[in-house]
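Compute the structure for the input listed below.
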Amino acid sequence: MNTIYHDFYINKPIERVFEVVSFPNEINNWWTKRCSGKCELGAVYNLYFSEEYNWLAEIVKLKHNEEIEFKMTKAMDDWMPTSFGFILKEEQPNVTSVQFYHKDWTEISKEFRVASYCWANLLRQMKQYIENGTITPFEERN
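The predicted structure is shown next:
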């Protein structure tokens, strides 16, 4: 199986970073058009991008302010049965390291490479949102 990795720092407290990667109303500000779900182990999130891309993911790992992992349960074929997550560490006051991963890709396909590129852009936009309050309009995200 293959995995996408992205590591970076965010100049904000770990609690704020955790909120943005785990609460549906915050996920809407950097990734989805509409997200719903409850931040608890076993909960299913609806990750809505469009009618064609109306996906579901279950929280399979959860340690508040430390780690969250989502397992895709409904998505395009290439994304099944992948999981993605965030491991957070407070490096110093108001500096959080983020280890992002998207694992269990069956092959390094075109979609794997596109997803890696898109995640890099989305994570950069997420960082800008957390640090500066900048929200990229949904139509301009990739």
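
Please give the element, helix or strand, for residue 134.
Following DSSP states H and E, one finds residue 134 outside all helices and strands.

Do you know the pLDDT at the residue nearest to it when sequence neighbours are not counted?
Using Cβ to Cβ, 6 or more residues apart in numbering and skipping the chain neighbours, the partner closest in space to residue 134 is residue 128 (4.4 Å). Glycine gets a C-beta too; all of them are placed from N, C-alpha and C. The per-residue pLDDT reported for residue 128 equals 98.

helix/strand/coil for residue 128?
Following DSSP: H, G, I helix; E, B strand; the rest coil, residue 128 is assigned to helix.

and the gap between it and residue 112?
25 Å (Cβ to Cβ, to the nearest Å).

So for the two, which residue has more residues nearby?
Shown here are residue 128 and residue 112; by other Cβ atoms under 10 Å, residue 112 has more neighbours (18 against 15).

what's the spacing between the residue nearest to residue 134 and residue 72?
Residue 128 is 26 Å from residue 72, by Cβ to Cβ.

Check residue 34 too.
Applying Cβ to Cβ to residue 34 and residue 72 gives a distance of 17 Å.
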